[in-house]
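Novice: Turn this into a structure:
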Amino acid sequence: MAQRLALQRLLSLPARGPLASHGRAFGTSAGRRNTFNVQDGSDFQDRVVNSPKPVVVDFHAQWCGPCKILGPRLEKLVAKQEGKVLMAKVDIDDHTDLAIEYEVSAVPTVLAMKNGDVVDKFVGVKDEDQLEAFLKKLIGA
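Specialist: Modelled structure (predicted):
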């Protein structure tokens, strides 16, 4: 309760500091709107399987070193596509059922999905050129 009150007080303070002087606030960039964390099976169905846009699905885990390299690299390249493709992040420890359903046996595993179907897939870390080719193939560019 005390934490909630402290947070409310903090949020009600007038803006100060470097962000206030530039009229900027914390928010999401366009790239982050194209990337989302899957919350559950229903969310996966709605936002990935039923997506009108192609979706890159990054199956990863917090303990996975290569995932920590691939994830940000892939997010950056998806953001460069300016909304032509979305990226869904699926933590296999939180969503074991999805990992089993999509036959993920190692992480990172990345699926390319279009119209609810898996159209391409890779396992492991790829360099930027390989990732760009993977995305271009998915969006048909």
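Novice: got the buried residues for the one helix or strand residue 87 maps to?
Specialist: If you go by DSSP states H and E, residue 87 is part of strand 86-91. Across strand 86-91, burial judged by 16 or more other C-beta atoms under 10 Å covers 86-91. From N, CA and C alone the C-beta is placed, and that goes for glycine too.
Novice: One more: stretch 38-55?
Specialist: 38, 44, 48, 51, 54-55.
Novice: Could you tell me which of those residues belong to helices?
Specialist: Of the positions in the buried residues of stretch 38-55, residue 44 sit in helices, assigned by DSSP state H.
Novice: would you turn the buried residues of stretch 38-55 into a markdown table with pLDDT and distance to residue 110?
Specialist: Converted to a markdown table, the buried residues of stretch 38-55 look like this (pLDDT from 0 to 100; distance: C-beta to C-beta, whole Å):
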| residue | pLDDT | distance to residue 110 |
| --- | --- | --- |
| 38 | 97 | 14 |
| 44 | 98 | 15 |
| 48 | 97 | 13 |
| 51 | 97 | 16 |
| 54 | 97 | 13 |
| 55 | 98 | 11 |
